[in-house]
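K.L.:
for reference, the sequence and a predicted model appear below.
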Amino acid sequence: MPVGRALVALIAIAATAVGSYALWRTKGVSVANAAPIRSIAVLPLALRSADTTQEYFAEGMTDELTAAVATISALRVTSRGSAMQFQGKSRPATSVIAKTLNVDAIVEGSVAREGGQVRITANLIDARADSTIWTMTLTRNSNDVLALQTALAAAIATQIKVQLTAHEKARFASAPTVNAEAHDAYLLGRYFFNRPSDENLQKAIAQFEKSVKLDSTFAAGFSGLSDAYLWAGYNEGFLTASEGKIKSKQAALRAVRRTAPPALKRPLGRLARCWASISKAQSASYAVLELVPEQLTSALAEVVAAVNELLAPRSAVGAT
């Protein structure tokens with residue numbers, strides 16, 4: 001349930017923030033007369049560090065860059081699972097990868113983290129001509145990693161001349177800062193979650209919990225918890241299926257509340273409290289009170305009413 005992962009925002013390419021810089025180098029290959037690029041794959045970023053314990057960071061940054069590019073509706077972006085098979089130095093030629101994934105272009109590159117800064121170098125390759133269109137290196141402070149990823153996504157859109165929608169342009173215009181420690185714990189949690197044994201799911205939950213303790217407003221951390229609880233319930237190892245579902249729904253609601261419009265925050269809060277009541281009743285090993293389903297139905301109705309009000313067309317000014 002990549003709802004939380006979809007929380008990655010987009011920014012415009014201005015890399016003028018204090019403590020960051022951009023090095024832009026454009027290759028001499030023209031795409032003006034070539035067929036437009038409308039499909040792309042982001043390959044796993046290589047880790048530029050001798051510290052192999054940082055592999056989770058490179059993998060997480062690849063995932064978030066992929067998510068940022070995938071928000072461009074005019075592009076078809078290969079899924080994470082398909083692209084990750086080409087991780088490592090022994091991968092085939094770029095043209096072979098592109099043919100396998102059925103894409104026009106490939107993004108490949110590397111990521112490095114040193115001190116409080118993160119650097120990504122990305123190469124955009126027209127796979128049809130096996131030619132590098134452009135190379136870009138961006139460095140940002142650790143709390144600006146979302147801005148770094150979305151700046152790269154914006155640059156890719158510019159280079160391949162993709163027409164952005166008004167909504168996409170608005171998302172490119174801003175990117176939130178993150179608590180660097182919370183974000184790091186989240187990426188480590190995702191690393192464990194993507195290898196879902198019972199042991200790794202427990203590690204993932206621990207990292208996601210650490211993430212939201214460090215930053216209680218970090219919606220992605222709650223989304224990670226929701227995913228991990230749901231999968232753990234499916235495995236039925238250290239959680240039963242019913243326990244996993246309830247914990248997953250609670251965490252998902254907390255994630256949504258942190259990004260929902262103000263009008264939805266109250267009804268979503270009430271819904272979250274209802275799920276908490278059910279969870280407590282089940283963990284205490286007694287039947288859920290009859291009142292709880294009634295409260296849940298009422299809370300759901302309140303959420304639906306709030307959503308309908310948000311979606312309802314506004315009355316014309318001056319209408320009688």
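P.N.:
Yes, it's here. Residues are numbered from 1 along each chain as shown.

K.L.:
how about the helices in this structure?
P.N.:
55-70, 80-84, 94-101, 145-159, 166-172, 180-193, 198-214, 219-235, 241-257, 262-283, 291-311 (DSSP state H).

K.L.:
now render those as TSV, adding mean neighbour count, distance to residue 131 and mean pLDDT.
P.N.:
For glycine as for every other residue, the C-beta is placed from the backbone atoms N, C-alpha and C. Shown next, in TSV, are the helices of the chain (neighbours: other C-beta atoms under 10 Å; distance: least, C-beta to C-beta, whole Å; pLDDT from 0 to 100):
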stretch	mean neighbour count	distance to residue 131	mean pLDDT
helix 55-70	22	20	94
helix 80-84	15	20	92
helix 94-101	17	10	92
helix 145-159	24	13	91
helix 166-172	15	26	82
helix 180-193	22	33	96
helix 198-214	20	40	96
helix 219-235	24	36	92
helix 241-257	20	41	85
helix 262-283	16	48	58
helix 291-311	13	46	55
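
K.L.:
please name whichever of the ones you listed is nearest to residue 114.
P.N.:
helix 55-70 (11.6 Å; C-beta to C-beta).

K.L.:
quick one: contacts of the closest one?
P.N.:
For helix 55-70, the external contacting residues (C-beta atoms under 8 Å, 6 or more residues apart in numbering) are 2, 5-6, 8, 10, 40, 42-47, 75, 77, 80, 83-84, 107, 111, 113, 118, 120, 122, 145-146, 149-150, 152-153, 156, 184, 186-188, 190-191, 194.

K.L.:
could you give the angle of it to helix 219-235?
P.N.:
Calculated by axes from the mean of the first three to the mean of the last three C-alpha atoms, to 10 degrees, helix 55-70 forms an angle of 110 degrees with helix 219-235.

K.L.:
and the nearest residue to residue 222 once chain neighbours are set aside, how far from residue 143?
P.N.:
Leaving aside its chain neighbours, residue 222 sits nearest to residue 255 (3.8 Å; criterion: C-beta to C-beta, 6 or more residues apart in numbering). Computed as C-beta to C-beta, to the nearest Å, the residue 255 to residue 143 distance reads 20 Å.

K.L.:
repeat for residue 38
P.N.:
Plainly put, residue 38 is 34 Å away from residue 143 if you go by C-beta to C-beta.

K.L.:
give me the more crowded residue out of the two.
P.N.:
Legend: neighbour count by other C-beta atoms under 10 Å for residue 38 and residue 143, higher for residue 143 (18 against 13).

K.L.:
dump the helices of the chain into CSV; add distance to residue 133 as well.
P.N.:
CSV is the format used below for those (distance: least, C-beta to C-beta, whole Å):
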stretch, distance to residue 133
helix 55-70, 15
helix 80-84, 19
helix 94-101, 12
helix 145-159, 6
helix 166-172, 20
helix 180-193, 29
helix 198-214, 36
helix 219-235, 31
helix 241-257, 36
helix 262-283, 42
helix 291-311, 41
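
K.L.:
and of those, who's closest to residue 130?
P.N.:
That would be helix 94-101 among the helices of the chain, by C-beta to C-beta, at 5.0 Å.

K.L.:
contact partners of that closest one?
P.N.:
With contact meaning C-beta under 8 Å, 6+ apart, helix 94-101 is reached by 41, 43, 78, 82-83, 86, 91-92, 104-106, 108, 125, 127-128, 130.

K.L.:
nearest to residue 211, out of those residues: which one, please.
P.N.:
The closest of those to residue 211 turns out to be residue 83 (C-beta to C-beta; 24.7 Å).

K.L.:
how near is residue 118 to residue 147?
P.N.:
Using C-beta to C-beta, residue 118 is found at 10 Å from residue 147.

K.L.:
okay, domains of this structure per the record?
P.N.:
Taking automatic domain parsing as the reference, the chain has its domains at 5-172, 265-311.

K.L.:
which residues touch the closest residue to residue 48 other than its chain neighbours?
P.N.:
Of all residues beyond its chain neighbours, the one nearest residue 48 is residue 112 (3.9 Å), with distances taken as C-beta to C-beta, 6+ apart. Counting by C-beta under 8 Å, 6+ apart, residue 112 touches 47, 48, 49, 118, 119.

K.L.:
from those residues, keep the buried residues only.
P.N.:
47, 48, 49, 118, 119 (16 or more other C-beta atoms under 10 Å).

K.L.:
next one: residue 88 from residue 204, what distance?
P.N.:
Counting by C-beta to C-beta, the gap from residue 88 to residue 204 is 23 Å.

K.L.:
I appreciate the help and will end here.
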